[in-house]
Every structure is written in C-alpha cells, then in structure tokens.
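K.L.:
Turn this into a structure:
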Amino acid sequence: MAPDERWVGVDDVAAHLGVGKDSVYRWVENRGLPARKVGRLLRFRLSEVDAWVEAGEGERPAEPPAPAPAPRRMRRRTQKDGGR
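P.N.:
From the prediction side, this is the model:
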C-alpha cells in the first residue's frame, strides 16, 4: 500500500472489480473483503482489495443454500367433508 493511496467507496470498488455494489457489500460481510467503516460508510484501499482477490479469497464457495422446507402433510378427509 502506497502511503498516499486514497480511500475509495463501494461504487469505486464495484467498478474496479466489474461487479455490482450488492456483491461488494456481501463480500465484506461474508467473505472478509478488507474495508474500514468510517461513520456509516465503507472505505477501501484498492491495493488491499487487489491483494484479497489475488489471494483467492473471492473464490471461496458461497454458503450452501438453506434446505427446502419439508412438504406439507395432507390432512385426512373425514366423513363430514366427503371422505369415506
């Protein structure tokens, strides 16, 4: 990191990597993309982002999807509603 390297925002990182802003936010939260919180804003050093990419951190497999909900059980028909 150069001492005079400026801090950039999410828009700049997304453009630099060619991805959407949502991906940048998700990578910060789930994959450790290096960022600093300045008030409510995230700030990045592009050299740190590039090092993170070069280290292969962005290539980790995503979290496995949540299992599908169990199928609903059919209720038994009774004499009252036309069953046997």
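
K.L.:
From residue 80, how far off is residue 42?
P.N.:
Taking CB to CB, to the nearest Å as the criterion, residue 42 is separated from residue 80 by 61 Å. Where C-beta positions appear, they are placed from N, C-alpha and C, glycine not excepted.

K.L.:
quick one, which of the two is more surrounded?
P.N.:
Counted by other CB atoms under 10 Å, residue 42 and residue 80 do not tie: residue 42 has more neighbours, with 18 against 6.

K.L.:
hmm, who's touching the helix or strand that the more buried one is a member of?
P.N.:
Element membership for residue 42 (DSSP states H and E) is strand 41-43. Around strand 41-43, the neighbours that count as contacts under CB atoms under 8 Å, 6 or more residues apart in numbering are 7, 8, 9, 10, 24, 25, 28, 35, 36, 37.

K.L.:
what's the answer for stretch 11-27, then?
P.N.:
So stretch 11-27 is contacted by 8, 10, 33, 42, 44, 46, 49, 53, 58 (CB under 8 Å, 6+ apart).

K.L.:
Quick one: end-to-end length of it, please.
P.N.:
With CA to CA, to the nearest Å applied, stretch 11-27 spans 14 Å between its terminal residues.

K.L.:
number of nearby residues for residue 47?
P.N.:
Other residues within reach of residue 47, judged by other CB under 10 Å, total 12.

K.L.:
Is it in a helix, a strand, or coil?
P.N.:
State at residue 47, reduced to three classes by DSSP: H, G, I helix; E, B strand; the rest coil: helix.

K.L.:
what's the distance between it and residue 80?
P.N.:
Going from residue 47 to residue 80 by CB to CB gives 73 Å.
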